Structure formats: structure tokens, C-alpha cells
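Student: below are the sequence and a predicted model for it; my questions follow.
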Amino acid sequence: MNKIIEQLYFAAPVAVQDVLVSAYGYKLYNERYGGNHNRYLSELLASQYFNAGRIRELVDSSFIKMFRHAVENVPYYRQLVRDGRIDLQAVKSVDDLCRIPILTKEQIRNDPEAFLASGFGSGQLIKIGTSGTTGKTLTIYIDKDSRRRAYAFFSRFKAWFGIDPSLPNVTFAGRVFVEPDRKTPPFWRRNRVSNNYLFSSYHLSPATLPSYVEALLKIQPHFIDSYPSSIYTIAKYMQDNGISGIFPKAIITSSETLLEHQRRTIEEVFRCPVADQYGCAEQVVFVSQCEKGTYHVHPEFGVVEFLREDGSEAEPGEQARLVCTGFTNDAMPLIRYEMGDVGVRSSEECACGRSFPSIKQIIGRMDDTLITGDGRRIGRLDPVFKGLKSVIEAQIVQEDYENIVLYIVPGRDFQMGHAQTVVSELRKRLGSSMKVRVELVDEIARTSSGKFRAVVSKIVRAS
Ligand SMILES: [Zn+2]
């Protein structure tokens with residue numbers, strides 16, 4: 001949000017904020033569910049029961065179509081052909097993916113336009129800034145039609161769980177739409193367009209939980225969409241206090257690794273299945289659980305390779321790197337994109353009857369969470385890095401309940417003002433009393449296993 005608009009929004013009464021949230025909701029609704037969305041959804045509802053042979057044909061033809069489009073229209077892939085790093089004649093089916101070099105986030109970050117297909121006007125493109133968990137910004141372009149196609153996969157996923165998207169629903173969101181220092185309810189805003197209540201994930205604390213639960217009891221959401229950590233906090237509070245009476249059809253979780261104890265508690269308290277989903281802003285992969293609980297790759301969306309460190313194919317049951325090729329983003333086709341996440345494939349057939357690839361487990365990155373003085377857990381901090389320019393790397397370290405250090409490895413054009421946006425984004429989530437110190441450093445230390453962590457908390461706490 002623009003700074004001035006943001007100040008006006010926060011200064012407005014809640015009723016006006018509801019109207020503004022609804023207006024924004026209308027824009028998003030149209031971007032996601034307008035145009036060809038329904039046509040794509042009916043195609044997906046038909047293809048989900050194709051037998052293995054037909055799924056294979058569909059994957060092959062989608063891949064070859066995307067591959068040809070990429071080598072003809074995308075500068076990066078054209079260059080690979082010119083350099084002889086891709087042999088056009090050798091790539092005939094999805095089995096030939098291994099003949100194409102793996103693509104890293106770093107390559108896109110260095111030159112996002114090299115991955116943009118020609119023929120898309122700026123009016124057709126949606127630009128998405130994503131920082132992932134590494135704290136570095138990545139620019140992704142998606143064309144409007146492709147975005148609606150991607151949302152058709154979400155719609156199919158909801159249908160698997162009997163969800164009617166028009167009924168009242170609740171989202172625990174990572175966006176900031178409630179004043180950060182607000183101490184009294186409402187900690188939610190209403191988007192009338194989608195019958196959706198946006199609940200703030202950042203205001204959950206022992207002091208505010210009763211009002212959250214009261215609101216949920218009143219709304220009686222048909223479904224809830226949440227980060228695992230947010231809905232778990234609610235479920236745990238209800239369980240500890242013997243509260244029940246909120247019975248949605250399903251709870252959708254995404255964006256963080258869903259831990260087994262979280263799933264158990266959420267399912268017990270809300271007496272409904274947790275439907276976990278895994279995807280990314282780069283729009284190269286869509287994985288979700290089915291109604292039988294199995295994690296599936298949605299094959300019309302793209303292909304997932306499970307690779308060992310040396311690039312060879314991992315066996316079922318083995319922990320492997322996820323390398324994904326998307327079929328749904330014509331504006332920015334990404335082939336063999338290294339997700340930076342770990343997963344385990346499965347060779348078992350699923351009782352749901354779909355011939356979709358199955359995944360035993362998405363291990364993901366176990367992101368750390370921060371904790372505020374009043375006991376709020378703040379996970380999923382990657383949105384605070386959005387818009388951070390000229391930074392090579394950044395890391396948030398929580399020293400204690402009052403002090404955060406933001407370490408920055410500055411890029412060539414870095415100015416101290418850039419760090420202030422991150423500081424204010426952090427304060428929005430952690431409260432304005434949190435002290436945030438910015439330190440410029442030459443490098444950020446890795447863990448003993450060589451991993452970079454964007455968020456580190458030094459507070460020892462019980463889970
Ligand atoms: Zn299944």
C-alpha cells in the first residue's frame with residue numbers, strides 16, 4: 001500500500017475500513033475468478049479422473065507446448081538454445097526434462113525480464129514481488145488469464161472438501177489491515193464481496209484470543225483459510241479452555257510447514273479435516289491434500305521432480321530437492337525451477353481414484369517464529385522483506401522480548417532509508433514498542449548445516 005493511502009486507511013473508522021477492504025476484495029475477486037476461471041475449472045473437474053495414460057499424455061503435451069513457447073519467446077531460453085545448452089531435437093517429452101539446465105531463484109532475481117515472454121503488454125501483466133524465506137526480493141510476472149487458470153486449481157481443491165466458496169468464510173492473513181497497536185476488537189475486517197472475514201494474524205495474543213473465538217462463534221464460518229500457526233493458536237486456546245462450537249466444513253492451511261501436532265489439535269477442536277496446500281508465487285507447482293488425506297501434485301499445473309543433491313532422481317521415501325516446471329504461467333514460463341524446499345515422494349496409489357502423483361511429505365523449510373512481549377507468535381515474516389531493494393541478504397534476529405536486530409548485507413545502491421521500510425513493517429506486526437536495531441554487515445552466518453535462516457529467535461520457549 002502507498003504510504004499516504006495507508007495512513008488514511010488506518011485513520012478511518014472500522015466501518016469505512018470494511019468498505020475499503022470490500023473494494024479491494026472486488027478487485028482481487030475479479031483478478032482471480034473472472035474471465036475464463038469457470039471454464040478452466042470445468043476442464044479440471046473433468047481431467048481429474050483421467051486414467052494414468054491420459055494424464056501422462058496431458059502432461060506431455062502441456063510440457064511440450066510450454067517448452068516451445070519458452071524457446072521461441074523467452075530471452076533466457078532463446079539464449080540457452082543459441083549457446084547449445086538446450087538441444088531442441090532432443091526434447092520430445094517430459095522424460096527429457098533432465099536435458100534442460102536447472103534454474104535458480106538467483107538467476108531470476110538477477111534479471112527477471114530475461115524470463116518474461118514477448119507479446120504481453122503491461123496491461124496484461126500482474127507483477128508480484130516475493131521474498132520467500134531468504135529475505136531477498138524476487139520479481140514474478142503473471143498474465144491475467146494465467147492467474148485465473150491458477151485459481152481454478154484452488155477452486156477444484158476446495159470442491160474436493162465440499163466447500164462452497166460463496167458461504168461465510170474466514171481468512172487469517174499475512175496482510176496488515178488492522179492498526180498494529182490496536183488493543184481492542186475488532187481484529188478483523190469484512191470483505192462483503194467474497195463473504196469473507198479477514199482476521200489479523202498479528203494480533204493473536206493471550207489477551208485477544210477470547211475476542212477472536214467469540215467472533216468465530218458468531219460468524220460460524222463454512223471454511224477457514226489460515227497459516228497453520230494462526231489457526232493452531234486459536235485451536236489450542238479453545239482446547240485448553242474447554243471451548244467448542246465452531247464446526248467448519250474444512251480448514252485450509254498453506255504457506256508454512258504444517259506440523260503433525262498442529263493438525264491433530266486443529267482437527268480435534270474444529271471436528272473437520274485440515275486440507276493442506278503447497279504452492280508458490282512463482283506459479284510452478286500446486287500440491288494439495290485430497291479428501292483421503294494424500295498429498296498430490298496437480299499434474300495439469302506442472303511437473304515436480306524429486307532430485308538428490310547430485311541431480312539424480314530420488315527414490316520414493318527419500319528426502320529430495322523439489323524441482324518444478326509450471327504449465328500455467330504463459331507470461332513467465334519457468335522450467336526446472338529449484339524451489340529450495342525438501343519433500344519425499346511416494347509410490348502408493350491413492351484411494352481417491354485419481355492417477356495423480358502422490359507425495360509422502362513436504363518438509364519445507366522449518367521457518368522460525370518470533371514472539372512478542374505479550375505472548376503473540378509471529379510466523380511467516382517474509383512479507384516484511386517485500387520492497388527491500390539493494391540488499392544482498394537480510395536476517396531478523398530476536399535477542400529478547402524487546403529487541404530485534406535486523407542484519408543487512410547492503411548492495412551497491414543501498415541507502416539506510418531502505419531499511420526503514422522493513423523496520424516499520426516489523427513494528428506493524430510486533431507492536432511499536434519493539435526496538436529494532438539495524439546493523440550493516442559483510443556477511444550473514446550460516447547454520448552448522450550451511451543453511452541460511454531469514455528469521456532467528458534466541459528466546460527459548462515451550463511449544
Ligand atoms: Zn488422493
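Tutor: Yep, it's here. Keep in mind it's a predicted model, so treat the numbers as computed, not measured.
Student: now the residue in the stretch 51-200 of the chain positioned nearest to the ion: how far from residue 273?
Tutor: Proximity of the stretch 51-200 of the chain to the ion (Cβ to the ion) peaks at residue 160, 8.6 Å away. Where you see a C-beta, it was placed from the backbone N, CA and C, and this is true even at glycine. Distance, residue 160 to residue 273, using Cβ to Cβ, to the nearest Å: 10 Å.
Student: between the two, which contacts overlap?
Tutor: Here residue 160 and residue 273 share the contacting residues residue 291, scored by Cβ atoms under 8 Å, 6 or more residues apart in numbering.
Student: residue 290 is in contact with the residue of the stretch 51-200 of the chain closest to the ion, correct?
Tutor: Yes: at 5.7 Å, residue 160 counts as touching residue 290 under the criterion of Cβ atoms under 8 Å.
Student: what about residue 360, neighbour count?
Tutor: 17 (other Cβ atoms under 10 Å).
Student: that older thread, next up, phi/psi of the residue of the stretch 51-200 of the chain closest to the ion, please.
Tutor: Here is the backbone geometry of residue 160 (degrees, to the nearest 10): phi -60, psi -30.
Student: quick check: closest non-adjacent residue to it.
Tutor: Closest residue to residue 160 apart from its sequence neighbours, by Cβ to Cβ, 6 or more residues apart in numbering: residue 291 at 5.0 Å.
Student: so which strand or helix has that neighbour?
Tutor: Remark: residue 291 resides in no helix or strand, with elements defined by DSSP states H and E.
Student: look up how far the ion lies from residue 300.
Tutor: Per Cβ to the ion, to the nearest Å, residue 300 is found 15 Å from the ion.
Student: now for that residue: which residues touch it?
Tutor: Taking Cβ under 8 Å, 6+ apart, we find residue 300 in contact with 44, 47, 58-59, 62, 153, 327.
Student: residue 439 belongs to a strand?
Tutor: Yes: when DSSP: H, G, I helix; E, B strand; the rest coil is applied, residue 439 is found to be in a strand.
Student: can I assume it is in contact with residue 407?
Tutor: Yes: contact criterion Cβ under 8 Å: residue 439 and residue 407 qualify, at 5.4 Å.
Student: ok, back up a step: read off the pLDDT value for the residue of the stretch 51-200 of the chain closest to the ion.
Tutor: On the pLDDT scale, residue 160 is placed at 98.
Student: give the contact list for it.
Tutor: Contacts of residue 160 by Cβ under 8 Å, 6+ apart are 275, 288, 290-291.
Student: circling back: residue 439 and residue 407 - which one has more neighbours?
Tutor: Using other Cβ under 10 Å, the more surrounded residue of residue 439 and residue 407 is residue 407, with 19 against 11.
Student: ok, what's across the strand from that one?
Tutor: On the basis of DSSP bridges, residue 407 is bridged to residue 395, residue 439.
Student: measure the nearest residue to residue 71 once chain neighbours are set aside to residue 118 for me?
Tutor: Spatial nearest neighbour of residue 71, excluding adjacent residues (Cβ to Cβ, 6+ apart): residue 77 at 4.8 Å. Residue 77 sits 12 Å away from residue 118, going by Cβ to Cβ.
Student: now the helices for the stretch 351-463 of the chain?
Tutor: 416-430 (DSSP state H, counting those that start in this stretch).
Student: apologies, that question was intended for the chain.
Tutor: Assigned by DSSP state H, the chain shows helices spanning 3-11, 14-33, 37-47, 52-73, 75-82, 105-110, 144-160, 209-219, 228-240, 260-270, 416-430.
Student: returning to that earlier point: show me how to select, in PyMOL, the buried members of the contacts of residue 300.
Tutor: In PyMOL, this line selects whichever of the contacts of residue 300 come out buried by 16 or more other Cβ atoms under 10 Å:
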select buried, resi 44+47+59+62+153+327
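Student: next one: stretch 21-35 to chain centre, how far?
Tutor: Offset of stretch 21-35 from its chain centre (Cα atoms, centre = their mean, to the nearest Å): 19 Å.
Student: I would like the residues contacting it, please.
Tutor: 126, 144-145, 147-148, 151, 155, 177, 189-194, 196, 198.
Student: quick check, nearest of those residues to residue 337?
Tutor: Set against residue 337, the nearest of those by Cβ to Cβ is residue 147 (17.7 Å).
Student: contacting residues for that closest one?
Tutor: Applying Cβ under 8 Å, 6+ apart to residue 147 gives the contacts 31-32, 126, 283.
Student: roughly how far apart are it and residue 31?
Tutor: 6 Å.
Student: how about residue 86?
Tutor: To residue 31, residue 86 is 33 Å away according to Cβ to Cβ.
Student: what does residue 120 give?
Tutor: The value you get for residue 120 to residue 31, if Cβ to Cβ is used, is 16 Å.
Student: more crowded one of residue 86 and residue 31?
Tutor: Using other Cβ under 10 Å as the criterion, residue 86 and residue 31 rank with residue 86 on top: 21 against 16.
Student: does the more buried one touch residue 97 like I think?
Tutor: No: Residue 86 is beyond contact range of residue 97, at 11.2 Å (criterion: Cβ under 8 Å).
Student: if we can go back for a sec, okay if I get the contacts of residue 300 as a markdown table plus distance to residue 312?
Tutor: As requested, the contacts of residue 300 are exported to a markdown table (distance: Cβ to Cβ, whole Å):
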| residue | distance to residue 312 |
| --- | --- |
| 44 | 32 |
| 47 | 31 |
| 58 | 26 |
| 59 | 21 |
| 62 | 25 |
| 153 | 30 |
| 327 | 24 |
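Student: just the closest of the contacts of residue 300 to residue 412, please.
Tutor: Of these, the one sitting nearest to residue 412 (Cβ to Cβ) turns out to be residue 327, at 36.8 Å.
Student: where does the protein dip in pLDDT?
Tutor: For the chain, the stretches with pLDDT under 70 are 1-2, 131-136, 364-369, 375-377, 379-380, 382-383, 386-389, 446-452, 460-463.
Student: give me the neighbour count for the residue of the stretch 151-300 of the chain found nearest the ion.
Tutor: Nearest residue of the stretch 151-300 of the chain to the ion: residue 290, at 3.3 Å (Cβ to the ion). When counting by other Cβ under 10 Å, one arrives at 21 neighbours for residue 290.
Student: what separation do you get for the residue lying closest to it once chain neighbours are set aside and residue 344?
Tutor: Of all residues not flanking residue 290 in the chain, residue 352 sits nearest, at 4.4 Å (Cβ to Cβ, 6+ apart). Counting by Cβ to Cβ, the separation of residue 352 from residue 344 is 19 Å.
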